[in-house]
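Participant: A predicted structure for the sequence below; I have some questions about it.
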Amino acid sequence: MTDYIKTAKENFMHTYSSQDVCFDHADGVMVYDTEGKAYIDMVAGIAVNALGYNNEKIRKRTMEVLEDGFFHQSNLYYNKWAPLAAERINRVAGSREVFFANSGAEANEAALKAARKYGSKAGRSKVISFSHSFHGRTYGSLTLTGQQKYQKGFYPVVPDVVYAEYNCLDSVKALLDGSVCAIIMEPIQGEGGIIPADGDFIRGVREICDAEDILLIFDCVQCGLGRTGKIFCFEHYGIKPDIMTLAKALGCGIPFSACVAFEKAAGIFSPGEHASTFGGNALASALSLVLFDELEGGLAEEAGKKGAYLRKALEAVAEKHGGKCTAVRGMGLMLGLDLTVPPSAVIARCREKGLLVCSAGYTVLRFIPPLIIGYDEIDRAASIVDEALSEL
Ligand SMILES: *Cc1c(COP(=O)(O)O)cnc(C)c1O
């Protein structure tokens, strides 16, 4: 059989430190590697595979698009799916306009350009982001990412981006100098270590933005689309952003993202000012409608209940291993177990025992399973984490 891992190592640019596992097929929340080993998947392709694997509705919709004979045309014309996808997002979110792209970073690039364009009439170009944030790896989104480890070696980054301290309103106020056009934040920081924003902090940032005519951008690439128990995580806080970015789960595994404008940010771009060849791809758009059908049909709410159940299970693990675990954080099915032992050691032991988990930040074990995960699978996953921690 082909040694895929060896072939990858010989031919890929060395940007990843991938684990030596190659997947063959998957079903439900189980994935199977090329050796036939089965894993419960608490990674879900990094919060992408919300509907799990071998999903009948995804299969049917894909065939339906395939029957038309194309996946892609271009934005020189329209297709039958992207208009419906945009309409659905606007209806469910209460937003006004959608720009489609292909990745989280690209959606954030669109948001950054929209913010700069919005500020340009008043000569304001400064964007406030936050410590420990993550917004992607393209130059604009890399600059928005408030972690030096990602920027090191790639300076100079994009000018006029400054960083406030997450969950500290005073640090935001200290940066207001009349030149700020936007504030971008993750309502729950993902890559930074599963760190939720306080409700009062989020509402305080909203008030500042209203008072100073600043656009509030929520990067919901990871925490959006049902993961927190609501379809959009801003629903937890009683406020709305001016721009929201979505990606990861949006295309059910096909690259797809959206930069979504609410009232205040509508009408910023004129024809020719922004574009993406693949943006609004027919297959990706069609699959996003499958996701919304499920989310609106109760999946988001279910995810909230299952998240509460997983949280309880992780809290029991944390209590039992008090010396190795310091906290359980997060919302819904976006949870982190903060460790005093290296996450990589726990991840490797879990993998041997048939559980996929990943890390976030330097110390956190991250749980972002398919939203369709069952209670029994949650129990099995928690007991594997318990076993792995016992061995360390
Ligand atoms: C993953 C992620 C991104 C980047 O998405 P890509 O599709 O990898 O470009 C941006 N923001 C957040 C919050 C993310 O979790």
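Facilitator: All right, it came through fine.

Participant: Tell me which stretches of the stretch 151-300 of the chain form strands.
Facilitator: Ranges of strands in the stretch 151-300 of the chain, per DSSP state E, counting those that start in this stretch, are 161-164, 180-185, 188-189, 195-196, 215-219, 243-246, 257-261.

Participant: would you list those strands in JSON lines and tack on mean neighbour count?
Facilitator: Quick note: C-beta positions are derived from backbone N, CA and C, even for glycine. Below are these laid out as JSON lines (neighbours: other CB atoms under 10 Å):
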{"stretch": "strand 161-164", "mean neighbour count": "19"}
{"stretch": "strand 180-185", "mean neighbour count": "26"}
{"stretch": "strand 188-189", "mean neighbour count": "26"}
{"stretch": "strand 195-196", "mean neighbour count": "22"}
{"stretch": "strand 215-219", "mean neighbour count": "28"}
{"stretch": "strand 243-246", "mean neighbour count": "29"}
{"stretch": "strand 257-261", "mean neighbour count": "28"}
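
Participant: So which of those is nearest the ligand?
Facilitator: Of all these, strand 215-219 sits nearest to the ligand, with 4.6 Å by CB to the nearest ligand atom.

Participant: Check the residue of the chain found nearest the ligand and give its pLDDT.
Facilitator: In the chain, the residue that lies nearest the ligand is G104 (2.3 Å; CB to the nearest ligand atom). Listed pLDDT for G104 reads 98.

Participant: That one touches T138, doesn't it?
Facilitator: No: with contacts counted by CB atoms under 8 Å, G104 stays clear of T138, the gap being 9.7 Å.

Participant: Looking at the two now, which is surrounded by more residues?
Facilitator: Of the pair G104 and T138, G104 is the one with more neighbours under other CB atoms under 10 Å, namely 27 against 17.

Participant: which residues does K80 contact?
Facilitator: Neighbour list for K80: D68, A282 [criterion: CB atoms under 8 Å, 6 or more residues apart in numbering].

Participant: Can you get me a residue count around the residue nearest to L291 when sequence neighbours are not counted?
Facilitator: Spatial nearest neighbour of L291, excluding adjacent residues (CB to CB, 6 or more residues apart in numbering): C252 at 5.6 Å. As a burial measure, C252 scores 24 neighbours (other CB under 10 Å).

Participant: is it true that C252 touches L51?
Facilitator: Yes: judged on CB under 8 Å, C252 makes contact with L51 at a distance of 5.9 Å.

Participant: Overlap in contacts, the two.
Facilitator: I58, V290, L291.

Participant: Among those, which are located in helices?
Facilitator: Secondary structure from DSSP state H places I58, V290, L291 of the shared contacts of C252 and L51 in helices.

Participant: show me where pLDDT drops low in this structure?
Facilitator: For the chain, the stretches flagged by pLDDT under 70 are 1.

Participant: Check the burial of the closest residue to G361 other than its chain neighbours by counting its neighbours.
Facilitator: Leaving aside its chain neighbours, G361 sits nearest to G193 (2.9 Å; criterion: CB to CB, 6+ apart). If you count neighbours by other CB under 10 Å, G193 ends up with 19.

Participant: what residues are up against G193?
Facilitator: H132, R329, G336, D338, A360, G361, Y362, T363, V364.

Participant: out of those, who's nearest I46?
Facilitator: Nearest to I46 among these, counting by CB to CB, is A360 at 10.2 Å.

Participant: State the phi and psi torsions of R329.
Facilitator: Main-chain torsions, R329, degrees, to the nearest 10: phi -130, psi 160.

Participant: hang on, the earlier thing: in TSV: the strands of the stretch 151-300 of the chain, plus distance to G229.
Facilitator: Listed next are those as TSV, based on distance: least, CB to CB, whole Å:
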stretch	distance to G229
strand 161-164	27
strand 180-185	19
strand 188-189	11
strand 195-196	12
strand 215-219	16
strand 243-246	16
strand 257-261	20
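
Participant: Of all those, which one is nearest I372?
Facilitator: strand 243-246 (19.1 Å).

Participant: related to what we said a few turns ago, can I have the buried ones of the contacts of G193 as a PyMOL selection?
Facilitator: Selection of the buried residues among the contacts of G193 in PyMOL, burial being defined by 16 or more other CB atoms under 10 Å:
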select buried, resi 132+329+336+338+360+361+363+364
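
Participant: Now render the contacts of G193 as CSV, adding secondary structure and distance to the ligand.
Facilitator: Formatted as CSV, the contacts of G193 follow (DSSP: H, G, I helix; E, B strand; the rest coil; distance: CB to the nearest ligand atom, whole Å):
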residue, secondary structure, distance to the ligand
H132, coil, 11
R329, strand, 16
G336, strand, 13
D338, strand, 18
A360, strand, 9
G361, coil, 12
Y362, coil, 17
T363, coil, 18
V364, strand, 14
